[in-house]
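> pasted the sequence and its predicted model underneath.
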Amino acid sequence: MVTMSAAVPEAPPFRTDERVDILIRNGNVCDGSGKACRQADLAIGGDRILHVGPIDAQQSAGRVLDAKGLVVAPGYIDAHAHSDPFGNVDHLLAMGVTTIVVGQDGNSPDERIKAYLDRVDASRPRVNVATLVGHATVRSQENLGMKTDLDGEALGRMNARVDKALAEGAFGLSTGLEYDPGSAAGPAELAAIAEPVGRRGGVVMSHLRSEDDDKVEAAIEELLTQCESAKARAHVAHVKVVLGKGRDRAQKVLDQFQRARDRGLAVTADVYPYTSSYTTLAILFPPYARPPNNYRAAASKNRTALLTDLQKRVVARNGPAAMTFGTGAFAGKTLAQVSEEQRRAFEEILVDLGPSGGSASYKVMDDAVVRAFAKDPFVMFGTDGSGGSAHPRGAGTFAALIAYVRSDDLPLAELARKASALPAETLGFAKRGKLEVGAAADVILFDLKEVSSPATFEKPHELARGMRYVLVNGVIAWADGKPDGRGGKALRLGGVRSD
């Protein structure tokens, strides 16, 4: 005789006598945990999620959103943003971004973090805003210029400035070591500014000293050493291998990250799904021709050497056809096109423009490398852009990632985790990044078949398509292609204010 175990009765559908603010019914819920997406309803009260799962058909709600045929996921977190939260953020909402992390590449959004975050709250932003404190900004506050070998007193003052910014709500420190004045920092300085980050549980987000194929591992090791000594979390901004090719090349970097994790260090990175970078022309110029040196004097005195250096640098970065101007009189044209039109050597044109003569995109990355990084479980996503950027990543990154889902490079549930829960956990956002009871109601609803990114280098500001609704802290901020309410807020490390 076979004894049958009694069936476990299912829990009754959620119901409360109180009217909830928003019900989302019949959605394909990808909750950010990485677990398989499932059919479920959501109940939202105020700025929090009340329930995920079956909800009684008679439940009263202020508004009901029918999500049949739609994906319901946590709002995306732009882990490396240059967007202005006080301006137009339609490019973010159209992609499903509900939170941005500013203060990148060593530059704080304001010299006073508390004042900045208070100003964000007062503006009633459409998205949530978190910030880092920038190393270059701290250096500027100390009037250090390009000084090296700083004494203990100067290092102590920088340490105190970083500590104060963290106490006021910054989630960590950003460095831009490929740029001046960050490039002047040595090991002692990097250790000093990271110490309060480790002590307060923050993260060091670094634009590495170099992203070039032959230098990137050494630059990563510099960050890992800095964070190990400070017991801080390490994060590589817009991870890439300039001119590196193939999945195996990416794997070498990922293996370096894993070896550090095996030693007990928390290591993450972010990436954008494009093979062109975007930055100022200064990246092409040698140190003697960049500020604080007088450029015109340097160009006059060392013109022959400068022409040679620029020619070698551009050729090494896939040549003048791989560089497209994003600003200035030549915007939209490649350096090769301008050279041909003017019948002048491309290096002569660059000398005339100088390191402060604009910005450009540089096609220096390999798609296989980018995809390998995008698939790694410890790599999240960031636009490294803004609404006014000449690079389509500012308006297209999170929609472009859907192409990875369609090509089976990235499961939908994993996209939800890596775009939401992973950055929330890395930064230390309390109760964000997942669709679970008690979490902040940052929620997006979209049709997987309709999501696309029409932004190109020719039209970089074209808004993403397919996002039906975006909720920020329970407020519908985007509906059917248009901005709606304002539910964003300033987020602060350590609950300086509740987030």
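Done, it's in. Numbers count the residues shown, from 1 in each chain.

> what's the nearest residue to the residue nearest the centre of the chain if we skip its chain neighbours?
The chain has His80 as the residue nearest its centroid, 2.1 Å off, counting by Cα atoms, centre = their mean. Nearest non-adjacent residue to His80, counting by Cβ to Cβ, 6 or more residues apart in numbering: Gly382, 2.9 Å away. From N, CA and C alone the C-beta is placed, and that goes for glycine too.

> hmm, Tyr76 and the one you found touching each other?
No: because the distance of 10.1 Å does not satisfy Cβ atoms under 8 Å, Gly382 is recorded as not touching Tyr76.

> okay, these two: which has more neighbours?
Between Gly382 and Tyr76, counted using other Cβ atoms under 10 Å, the more crowded position is Tyr76 (31 against 27).

> residues contacting the more buried one?
The contact partners of Tyr76, by Cβ atoms under 8 Å, 6 or more residues apart in numbering, come to Met95, Gly96, Val97, Thr98, Thr99, Phe381, Phe398, Ala419, Ser420, Ile444.

> which among those gets closest to Val72?
Within these, distances to Val72 taken as Cβ to Cβ reach their minimum at Ile444, with 7.4 Å.

> tell me which stretches of the stretch 151-300 of the chain form strands.
Taking DSSP state E, counting those that start in this stretch, the strands of the stretch 151-300 of the chain run over residues 172-176, 203-207, 233-236, 267-271, 276-280.

> rank those by mean pLDDT and give me the bottom one.
Between those, the lowest average pLDDT goes to strand 276-280, which shows a mean of 91.

> partner strands of it, with direction?
Paired neighbours of strand 276-280 in the sheet (DSSP bridges): strand 359-363 (antiparallel).

> thinking again about what came up before, could you export the strands of the stretch 151-300 of the chain as CSV, including mean neighbour count?
Listed next are the strands of the stretch 151-300 of the chain as CSV, based on neighbours: other Cβ atoms under 10 Å:
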stretch, mean neighbour count
strand 172-176, 29
strand 203-207, 27
strand 233-236, 25
strand 267-271, 26
strand 276-280, 19
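
> for Gly328, which of these is the nearest?
strand 276-280 (11.1 Å).

> and the closest one with strand 203-207, angle?
In terms of direction (axes from the mean of the first three to the mean of the last three Cα atoms, to 10 degrees), strand 276-280 departs from strand 203-207 by 90 degrees.

> thinking again about what came up before, tell me which of the contacts of Tyr76 fall in strands.
Mapping the contacts of Tyr76 onto strands (DSSP state E) picks out Val97, Thr98, Thr99, Phe381, Ile444.

> reformat the residues you listed as CSV; add neighbour count, distance to Asp21 and pLDDT.
Formatted as CSV, those follow (neighbours: other Cβ atoms under 10 Å; distance: Cβ to Cβ, whole Å; pLDDT from 0 to 100):
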residue, neighbour count, distance to Asp21, pLDDT
Val97, 30, 22, 98
Thr98, 31, 17, 98
Thr99, 30, 20, 98
Phe381, 28, 29, 98
Ile444, 29, 17, 98
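
> so where's the chain uncertain?
The chain contains residues with pLDDT under 70 at 1-11, 495-499.

> what's the longest strand in it?
When the chain is parsed with DSSP E, its longest strand is strand 20-29.

> that one pairs with which strands?
Assessed with DSSP bridges, strand 20-29 is paired to strand 38-45 (antiparallel), strand 61-66 (parallel), strand 71-74 (parallel).

> neighbouring contacts of it?
Outside strand 20-29, the residues within contact range by Cβ under 8 Å, 6+ apart are 37-46, 50, 52, 55, 59-73, 435, 441, 443, 445, 471, 474, 476.

> recalculate using a threshold of 6 Å.
37-38, 40-45, 61-68, 70-72 (Cβ atoms under 6 Å, 6 or more residues apart in numbering).

> just stretch 231-244 next, same as before
80, 194, 197-198, 203-207, 211-213, 216, 223-224, 227, 249, 266-269, 271, 364-365, 369, 373, 384.

> put the alpha carbons of that stretch into PDB.
In PDB, the C-alpha atoms belonging to stretch 231-244 read as follows (Å, rounded to 0.1, in the frame of the first residue of the first chain):
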ATOM      1  CA  LYS A 231      39.600  47.100   2.900                       C
ATOM      2  CA  ALA A 232      37.300  48.800   0.400                       C
ATOM      3  CA  ARG A 233      35.300  47.400  -2.400                       C
ATOM      4  CA  ALA A 234      36.900  47.700  -5.800                       C
ATOM      5  CA  HIS A 235      35.000  48.600  -9.000                       C
ATOM      6  CA  VAL A 236      36.400  49.100 -12.500                       C
ATOM      7  CA  ALA A 237      34.500  51.800 -14.400                       C
ATOM      8  CA  HIS A 238      33.500  51.000 -18.000                       C
ATOM      9  CA  VAL A 239      35.800  48.000 -18.200                       C
ATOM     10  CA  LYS A 240      37.400  47.600 -21.600                       C
ATOM     11  CA  VAL A 241      40.600  46.400 -23.300                       C
ATOM     12  CA  VAL A 242      41.500  48.900 -25.900                       C
ATOM     13  CA  LEU A 243      42.600  47.100 -29.000                       C
ATOM     14  CA  GLY A 244      42.300  43.700 -27.300                       C
END
